[in-house]
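**Student:** need coordinates for the following:
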Amino acid sequence: MTSNSTQLSAATALVQLLQEHPDLPEAGWSIGSIIPDLHGSLYGGMESLSAYAEVLGGSVRAAADTFELRGQRVRRHVLKTVWRDVPVEVAVVLPAAVAVSL
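**Tutor:** Sure, this is the predicted structure:
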C-alpha cells in the first residue's frame, strides 16, 4: 500500500505542473493509490495532448485496439513521461479514423 507521503509527492508534482504551466489545456486528474503516478484525461483533441508533450516531453502512442464510445469507433492516445520524478500518463480519446502524428 502506498503511504500518504508518497501520494503527496505526486500531488505536489501536479500542483507544480499546473502552477508553472497555467496555459495547459484542462484535464481531469487522478493519483494512483498503489503506484503514486498521475493520470490525466483530456477532453480536447490531439492539440491538447501535443501541448502536454511539449511541456513534459515523453512519447505519444496510439493504442492498438479500438473501442466503441457513444456509437463511434475510437482509439486512446497516451503520452507517457516523468515529471518531477513522478510517472505521468495523459490520454485523449479520438475517433479511430483520425490519423495522428506528432
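**Student:** from here on, contacts and neighbour counts on C-alpha atoms
**Tutor:** Fine.
**Student:** which residues touch whichever helix in the chain runs longest?
**Tutor:** Looking across the chain with DSSP state H, the single longest helix is helix 4-20. Contacts with helix 4-20, where a contact means CA atoms under 8 Å, 6 or more residues apart in numbering, come from 24, 31-33, 36-38, 83-84, 86.
**Student:** right, and the helix or strand after that helix?
**Tutor:** strand 27-31 (DSSP states H and E).
**Student:** and that next one, which strands flank it?
**Tutor:** Looking at strand 27-31 with DSSP bridges, its partner strands are strand 38-42 (antiparallel).
**Student:** okay, the angle between the strand it pairs with and helix 4-20?
**Tutor:** 40 degrees (axes from the mean of the first three to the mean of the last three CA atoms, to 10 degrees).
**Student:** what angle separates the helix or strand that comes right after strand 38-42 from helix 4-20?
**Tutor:** Using DSSP H and E, the helix or strand that follows strand 38-42 in sequence is helix 46-56. Using the same axes, to 10 degrees, the inter-axis angle of helix 46-56 relative to helix 4-20 is 110 degrees.
**Student:** could you dump the next helix or strand along the chain from helix 46-56 to PDB, C-alpha only?
**Tutor:** Counting by DSSP H and E, the next helix or strand C-terminal to helix 46-56 is strand 59-62. Provided in PDB are the C-alpha atoms of strand 59-62 (Å, rounded to 0.1, in the frame of the first residue of the first chain):
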ATOM      1  CA  SER A  59       6.300   9.900 -26.200                       C
ATOM      2  CA  VAL A  60       2.700   9.600 -27.500                       C
ATOM      3  CA  ARG A  61       1.400   6.200 -28.600                       C
ATOM      4  CA  ALA A  62      -1.900   5.200 -30.000                       C
END
